[in-house]
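K.L.:
Next come a sequence and a model predicted from it.
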Amino acid sequence: MVDVSEVTKTYKAAGKNELILSDISLQIRDGEIVSILGQSGCGKSTLLHLIAGFDTPDEGSIIAAGSEVLRPSKRCVMLFQNYGLLPWRSVVNNVELGLLDEPPEERRSRALSYLKLVGLDDRSNHFPHQLSGGMQQRVALARALAIRPTIILMDEPFAALDTFTRYYLQNELLSIHAKEKTTIVLVTHDVDEAVFLSDRVLIMSAGPGQIHKEIHIHSPRPRDRGHADFQYYRKLILDEFRFTGPQMSEEYSI
Ligand SMILES: Nc1ncnc2c1ncn2[C@@H]1O[C@H](COP(=O)(O)OP(=O)(O)OP(=O)(O)O)[C@@H](O)[C@H]1O
């Protein structure tokens, strides 16, 4: 579903070229949930933006949903941490934003059905400021799903939310994924979130960004955060960042 092949990306800042991503290759299968973890500044968002078509690689190629990524496409949509809702449009009008090519009746009924899917059909006429942060992110999720993309890219989608709202939305995302089977690629700083959601976790190293390790999460769903399996994968990932284990004196920020 996603095939990133030998991708390199350099950015110019303060008159200097900086190699951000070097020789990144990865494949993501149809319906998979894959998380990308890595320390701050290692290039996770850059990689996601390239897959979304917001920018192009210097070298290498990216194929998503069957065609080469040269520009943004409705088959591959991005969900941001700050929801990206338009404050002057009602909830249902925000969800309809991605459906402007559809006839008005189809637009409205599809928007309402995805609002129902995220449990917000009773708030369709509210405005974003009348909703909690968790609800606003659910509206953003409904808007992304209503487009019926093949791939959803998520850049720290739940990072701005409190712990319990985050847990709630992670559960909700998995139940929606079980119905819709959309391929999900998620950038996160939250190791628990990565273990809870993912089929596979890709750990990036920095300077320049590269895929350092791939960890398959084999636990069946629903996953219990207190179960030994969960702790096993959590430790496996944290060990990669040296938060646990013998090299604790090294300071890492993820
Ligand atoms: N448009 C740009 N122009 C110049 N440099 C950029 C641009 N976008 C990103 N960078 C640089 O690329 C590097 C990687 O940034 P990126 O946002 O991809 O990292 P990240 O791993 O997502 O970080 P974080 O976890 O803090 O969000 C950083 O050094 C950043 O300053």
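P.N.:
Perfect, thanks for sending it.

K.L.:
what's the single longest helix in this structure?
P.N.:
helix 163-180 (DSSP state H).

K.L.:
Just the C-alphas of that helix, formatted as PDB.
P.N.:
Taking Å, rounded to 0.1, in the frame of the first residue of the first chain, the C-alpha atoms of helix 163-180 are listed here in PDB:
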ATOM      1  CA  THR A 163      -4.300  10.600  29.100                       C
ATOM      2  CA  PHE A 164      -7.900   9.200  29.400                       C
ATOM      3  CA  THR A 165      -9.200  11.000  26.300                       C
ATOM      4  CA  ARG A 166      -6.200   9.600  24.500                       C
ATOM      5  CA  TYR A 167      -6.900   6.000  25.600                       C
ATOM      6  CA  TYR A 168     -10.600   6.500  24.600                       C
ATOM      7  CA  LEU A 169      -9.600   7.700  21.100                       C
ATOM      8  CA  GLN A 170      -7.000   4.900  20.700                       C
ATOM      9  CA  ASN A 171      -9.800   2.400  21.400                       C
ATOM     10  CA  GLU A 172     -12.100   4.200  19.100                       C
ATOM     11  CA  LEU A 173      -9.500   4.300  16.300                       C
ATOM     12  CA  LEU A 174      -9.000   0.500  16.600                       C
ATOM     13  CA  SER A 175     -12.800  -0.200  16.400                       C
ATOM     14  CA  ILE A 176     -13.100   2.100  13.400                       C
ATOM     15  CA  HIS A 177     -10.100   0.400  11.800                       C
ATOM     16  CA  ALA A 178     -11.700  -3.000  12.400                       C
ATOM     17  CA  LYS A 179     -14.700  -1.800  10.300                       C
ATOM     18  CA  GLU A 180     -13.000   0.400   7.700                       C
END
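
K.L.:
What strands line up against the helix or strand following it, and which way round?
P.N.:
Going down the chain from helix 163-180, the next helix or strand is strand 183-187, by DSSP states H and E. The strands beside strand 183-187 in its sheet (DSSP bridges) come out as strand 33-38 (parallel), strand 151-155 (parallel).

K.L.:
is the next helix or strand after strand 183-187 up against the ligand anywhere?
P.N.:
For strand 183-187, the following helix or strand on the C-terminal side (DSSP H and E) is helix 191-197. No. Using C-beta under 6 Å from any ligand atom, we find that helix 191-197 stays clear of the ligand, coming within 13.3 Å at best. C-beta: built from backbone N, CA, C; applies to glycine.
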